[in-house]
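Asker: mind looking at a prediction? Sequence and model below.
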Amino acid sequence: MIIDRVRTEATDTGWTRSARIRGRAGDSVVEFHLPHVDGASLRTDLDASCFLAAALLPAMLAGEDIDVDAPVSARVLAGTTEVVTAFARWNPDLRPAAITTGGVVESAPSSPLIGCMFSRGADSMASAVVERPGNEPITHLIHVVGLEPHHSAATREEEVRLARVAGDLMGLPLVVPRTNVRVLTDGRCDWADAHGAALAALALSMDGLFGRVIVPATQAVNELIPFGSSPVLEPNLSSESVAVVHDSVSLDRVGKVWLLARDRPDLLPYLKVCWTEDRPDNCGRCGKCLLTMCALQAADALPLATGFPATIPLDEIQRLRPSPVQTRQHWVNAARALGAEGDRGRTRAVILDALRRSARPGPRERALQWWARVRGERQRINPSWKDPTRGFEWRHHTELLDLLTRGQPTRPVSEVAEEPLVLGRARPRPDDVSQDP
Ligand SMILES: [Zn+2]
């Protein structure tokens, strides 16, 4: 994969950084459109770090090395070793990409501004409001346009307006960059696998505007599994002048909703977690909407979250068969927070029933799973099986399932000895060390 024609051009509203990225999967011009930010100025030296970060997973998916025809940050280049190793360990079919560059970028002072990625989801809203003892406070919210594939122009405009209103309530100005970075991964992998590196790329593209960019965490500390946004990914893509921070993993989704309901209930009307439809509010039927609504009910705050339907459709929860371990853990957390009393208790009972059925389906579901196996649509009859080709999270889930239920990994152990994945070498032994044992 070749990254060339790296440019930064001034526009009426700010700057456009672009590069051509060519490989077996085709040619694309990746762009980051960056607006003016009061009190800061974009660093316009030739620097391809952001495009390198964006190209790592696409290159590995295509089985290609990366040749960058421009300098990159030495720290980003060093950090890519950890990132490509993580990708290769999470999917052993991916070979770590070897990277060559046109030199390194001279380091420059960091901007004092601190941005927080802000989509209006529970993760980003909690990151935007939570107190950060010992750390500098967030100065700006960053709402990226171009990452939601289902949004029409009208929905995008309304999303920006609502993000700005929510920002006003927090006293934080909103910065709205645009990008087409998804062109590198759409149709090639699940966005869940790609989004952390893509957000890190966006953060690097804003060198000079922000010295720290916070990426809100999806997983809590007890839920950490292979996932495209992770404490082992984004921070390793930090440069000398832009720290990419994977935010605290101390709160789970239920805890984040509870924190918002307790401390900032005025923000709940702006909560937007749904990405399945072209709308600025929430569908109220997808798994993410349902889980958030249950968390809101547990905090007695569902009526305040006016972007959701007023009542939880329990029949939709009843139909859910949450399978990956992480998703089941999210639902367990919601059930724990609800308690057995009244309406909350009824929701809890439906969740527990759906969880039970996802592991122990009835005769009809078992027959359907068996039939899907016969038709070649699933590799295992086990109800917890998920298609491992869908991405890091499901691959990990299926590997655990296979090891626990069959005593074998999903990918058979080869008869030919496999060399372990070891990038890097040991330092040479110092000459003056005694050779005595
Ligand atoms: Zn939804």
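Answerer: Ah, there it is.
Asker: look up how far the ion lies from the spatially closest residue to G14 that is not a sequence neighbour.
Answerer: Spatial nearest neighbour of G14, excluding adjacent residues (Cβ to Cβ, 6 or more residues apart in numbering): P35 at 4.2 Å. Every C-beta, even on glycine, is put in place using the N, C-alpha and C of the backbone. Applying Cβ to the ion, to the nearest Å, the value for P35 to the ion is 29 Å.
Asker: give the contact list for P35.
Answerer: 13-14, 175-177 (Cβ atoms under 8 Å, 6 or more residues apart in numbering).
Asker: C289 reaches R279, doesn't it?
Answerer: No: with contact defined as Cβ atoms under 8 Å, C289 does not reach R279; the gap is 11.0 Å.
Asker: comparing those two, which residue is more hemmed in?
Answerer: C289 (25 against 17; other Cβ atoms under 10 Å).
Asker: my read is that one is in a helix, agree?
Answerer: Yes: under DSSP: H, G, I helix; E, B strand; the rest coil, C289 falls within a helix.
Asker: list the contacts of it.
Answerer: Counted by Cβ under 8 Å, 6+ apart, C289 has contacts 273-274, 282-283, 308.
Asker: against I99, how distant is it?
Answerer: Distance, C289 to I99, using Cβ to Cβ, to the nearest Å: 40 Å.
Asker: strands of this structure, residue ranges please.
Answerer: Assigned by DSSP state E, the strands in the chain fall at 2-10, 14-23, 26-35, 66-68, 99-100, 114-117, 140-142, 174-175, 178-179, 212-215, 243-246.
Asker: indicate which one of those strands is closest to F227.
Answerer: strand 243-246 (10.9 Å; Cβ to Cβ).
Asker: so what does the closest one touch, helix or strand wise?
Answerer: When contacts are defined as 3 or more Cβ pairs under 8 Å, 6 or more residues apart in numbering; DSSP states H and E, strand 243-246 sits against helix 191-205, strand 212-215.
Asker: burial check on R7, number of neighbours?
Answerer: R7: 15 neighbours (other Cβ under 10 Å).
Asker: hey, what's it bridged with?
Answerer: S18 (DSSP bridges).
Asker: so it makes contact with S18?
Answerer: Yes: using Cβ under 8 Å, R7 is in contact with S18, at 5.2 Å.
Asker: distance from the chain centre to the least confident helix or strand in the chain by mean pLDDT, please.
Answerer: Here the helix or strand of the chain ranked lowest by mean pLDDT, DSSP states H and E is helix 363-374, holding a mean of 91. Put simply, helix 363-374 sits 33 Å off its chain's centre (Cα atoms, centre = their mean, to the nearest Å).
Asker: which of the residues in that helix are buried?
Answerer: Q369 (16 or more other Cβ atoms under 10 Å).
Asker: considering the contacts of P35, which possesses the most neighbours?
Answerer: V175 (25 neighbours).
Asker: let me see the domain layout of this protein.
Answerer: Dividing the chain into domains by automatic domain parsing, as the record does, gives the ranges 2-246, 276-359, 365-405.
Asker: out of the ones you listed, flag the one nearest P269.
Answerer: The nearest among the domains of the chain, by Cβ to Cβ, is domain 276-359 at 4.6 Å.
Asker: touching the ion at all, that closest one?
Answerer: Yes: judged by Cβ under 5 Å from the ion, domain 276-359 and the ion are in contact via 283, 286, 289.
Asker: report the contact partners of the second one.
Answerer: If a contact means Cβ under 8 Å, 6+ apart, then C286 has 274, 276 as its contacts.
Asker: coming back round to it: got the CA positions of the least confident helix or strand of the chain in PDB?
Answerer: C-alpha atoms of helix 363-374 as PDB (Å, rounded to 0.1, in the frame of the first residue of the first chain):
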ATOM      1  CA  PRO A 363     -36.800 -26.700  20.700                       C
ATOM      2  CA  ARG A 364     -37.900 -24.400  17.800                       C
ATOM      3  CA  GLU A 365     -34.700 -22.200  17.900                       C
ATOM      4  CA  ARG A 366     -32.500 -25.300  18.300                       C
ATOM      5  CA  ALA A 367     -34.200 -26.800  15.200                       C
ATOM      6  CA  LEU A 368     -33.500 -23.600  13.300                       C
ATOM      7  CA  GLN A 369     -29.900 -23.500  14.400                       C
ATOM      8  CA  TRP A 370     -29.500 -27.100  13.300                       C
ATOM      9  CA  TRP A 371     -31.100 -26.400   9.900                       C
ATOM     10  CA  ALA A 372     -28.800 -23.400   9.500                       C
ATOM     11  CA  ARG A 373     -25.800 -25.700  10.200                       C
ATOM     12  CA  VAL A 374     -27.100 -28.200   7.600                       C
END
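Asker: which residues touch that helix?
Answerer: 321, 357, 361, 378-381, 383.
Asker: report the buried members of those residues.
Answerer: 357, 361, 378, 380.
Asker: can you put these in JSON lines and add pLDDT?
Answerer: Output for the buried ones among the contacts of helix 363-374, formatted as JSON lines (pLDDT from 0 to 100):
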{"residue": "R357", "pLDDT": "94"}
{"residue": "P361", "pLDDT": "90"}
{"residue": "R378", "pLDDT": "89"}
{"residue": "R380", "pLDDT": "88"}
